[in-house]
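Chemist: This is the structure alone, sequence omitted:
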């Protein structure tokens with residue numbers, strides 16, 4: 001049954017790709033149940049006409065105190081909810097591994113890694129599939145290990161680690177990275193992989209204000225109410241200073257906005273960390289925060305108006 005469902009998914013993916021030659025074809029891999037910013041990022045991607053979101057794959061976040069032993073399944077459930085709220089019919093969902101990679105020679109296969117492989121095979125070096133990793137690199141690393149032929153058919157974008165652009169110093173003590181350090185290192189060590197990073201250092205400046213968000217979302221009883229409820233009721237365990245949750249960093253949204261509007265972000269080439277294969281990767285060093293916010297709300301408001309009509 002699982003193989004049959006995968007074949008059905010791939011048929012629709014093939015159709016979707018052929019009909020969207022002028023759009024950016026992407027897969028989003030996200031630890032959606034971990035906090036809030038993933039939900040904003042996924043919503044933004046799904047409602048933008050310039051993107052063709054082929055699939056959303058769920059990832060684990062096992063180091064969180066809120067995580068169960070099936071955190072990827074939890075992320076999948078929220079992905080299902082978002083798809084339903086947005087009335088999306090042509091984006092496929094797949095569950096990723098619930099554990100990080102422990103053995104690079106034989107990593108755990110999942111629906112997510114299989115779907116990534118089969119999707120990437122339909123692209124080429126001249127027309128690549130963009131994969132946005134909003135959590136740990138587990139599923140994408142697993143896909144590359146199982147089928148290295150996809151390396152030249154994908155561009156990987158990752159939200160993670162801290163980076164000092166002046167001295168080119170890396171700090172891997174960051175949540176997404178900690179959830180699968182081995183998977184990240186595998187991507188850094190893959191010589192021909194087109195690897196792009198929205199560092200935590202850069203994305204930390206995209207901060208949303210609670211009052212503004214609630215005022216804008218309250219006009220929509222479905223999606224708006226759902227995101228407000230998530231903001232209000234999620235136990236933000238890592239931040240005890242802002243106990244009222246008046247502000248929220250939209251780490252993942254920064255990457256999605258940069259993909260949609262490349263002119264709102266700046267990328268530079270850097271050599272990889274000293275412990276990794278010596279090669280060049282792209283790291284975002286600047287984002288236009290105010291324009292990113294303005295674009296987000298413009299598209300959200302248009303979506304809400306379309307729902308009314």
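Modeler: Arrived safely. Everything numeric here is computed off the predicted structure, so don't read it as measured data. Residues are numbered from 1 along each chain as shown.
Chemist: so how far is the first residue of stretch 186-203 from its last?
Modeler: Using CA to CA, to the nearest Å, one end of stretch 186-203 lies 23 Å from the other.
Chemist: Tell me the buried residues in it?
Modeler: Residues of stretch 186-203 classed as buried: 186-188, 190, 193-203 (neighbour count, 16 or more other CB atoms under 10 Å). Using the backbone N, CA and C atoms, a C-beta is placed for each residue, glycine as well.
Chemist: I'd like the list of the residues you listed that fall within strands, please.
Modeler: Among the buried residues of stretch 186-203, the residues falling in strands (DSSP state E) are 194, 195, 196, 197, 198, 199.
Chemist: Which of those sits closest to residue 281?
Modeler: The shortest approach to residue 281 among these belongs to residue 195, at 4.6 Å (CB to CB).
Chemist: Could you verify my assumption that the closest one touches residue 187?
Modeler: Yes - with contacts counted by CB atoms under 8 Å, residue 195 reaches residue 187, the gap being 5.7 Å.
Chemist: Which neighbours do these two have in common?
Modeler: Listed as contacting both residue 195 and residue 187 by CB atoms under 8 Å, 6 or more residues apart in numbering are 156, 158.
Chemist: Which helix or strand contains the closest residue in space to residue 129 that isn't next to it in sequence?
Modeler: In space, and not counting its chain neighbours, residue 129 is closest to residue 123: 4.5 Å by CB to CB, 6 or more residues apart in numbering. Under DSSP states H and E, no helix or strand contains residue 123.
Chemist: Run a quick neighbour tally on the residue lying closest to residue 236 once chain neighbours are set aside.
Modeler: The shortest distance from residue 236 to any non-neighbouring residue, by CB to CB, 6+ apart, is to residue 245 (5.9 Å). Using other CB atoms under 10 Å, residue 245 has 15 other residues around it.
Chemist: and the spatially most central residue of the chain, how far is that from residue 175?
Modeler: In the chain, the centroid-proximal residue (CA atoms, centre = their mean) is residue 134; its distance is 2.9 Å. According to CB to CB, to the nearest Å, residue 134 stands 11 Å off from residue 175.
Chemist: With residue 257 instead?
Modeler: Separation of residue 257 from residue 175 (CB to CB): 20 Å.
Chemist: Give the residue from the two that has the larger number of neighbours.
Modeler: residue 257 (29 against 20).
Chemist: ok, now which ones touch that one?
Modeler: The neighbourhood of residue 257, defined by CB under 8 Å, 6+ apart, consists of 44, 206, 264, 265, 287, 292, 295, 296.
Chemist: what about 6 Å?
Modeler: Shown in contact with residue 257 (CB atoms under 6 Å, 6 or more residues apart in numbering): residue 292.
Chemist: Next up, identify which helix or strand it is on.
Modeler: Residue 257 is part of helix 251-260 when elements are defined by DSSP H and E.
Chemist: what mean pLDDT does that helix have?
Modeler: For helix 251-260, the mean per-residue pLDDT is 98.
Chemist: what angle separates it from strand 194-199?
Modeler: Counting by axes from the mean of the first three to the mean of the last three CA atoms, to 10 degrees, helix 251-260 points 130 degrees away from the direction of strand 194-199.
Chemist: strand partners of the helix or strand just after helix 251-260, parallel vs antiparallel please.
Modeler: With elements assigned by DSSP H and E, the helix or strand that comes after helix 251-260 is strand 265-271. Paired strands of strand 265-271, with direction, are strand 280-287 (antiparallel) (DSSP bridges).
Chemist: Flag every buried residue along the next helix or strand after the strand it pairs with.
Modeler: Using DSSP H and E, the helix or strand that follows strand 280-287 towards the C-terminus is helix 289-308. Of all the residues in helix 289-308, those buried under the rule 16+ other CB under 10 Å are 289, 292, 293, 295, 296, 299, 300, 303, 304.
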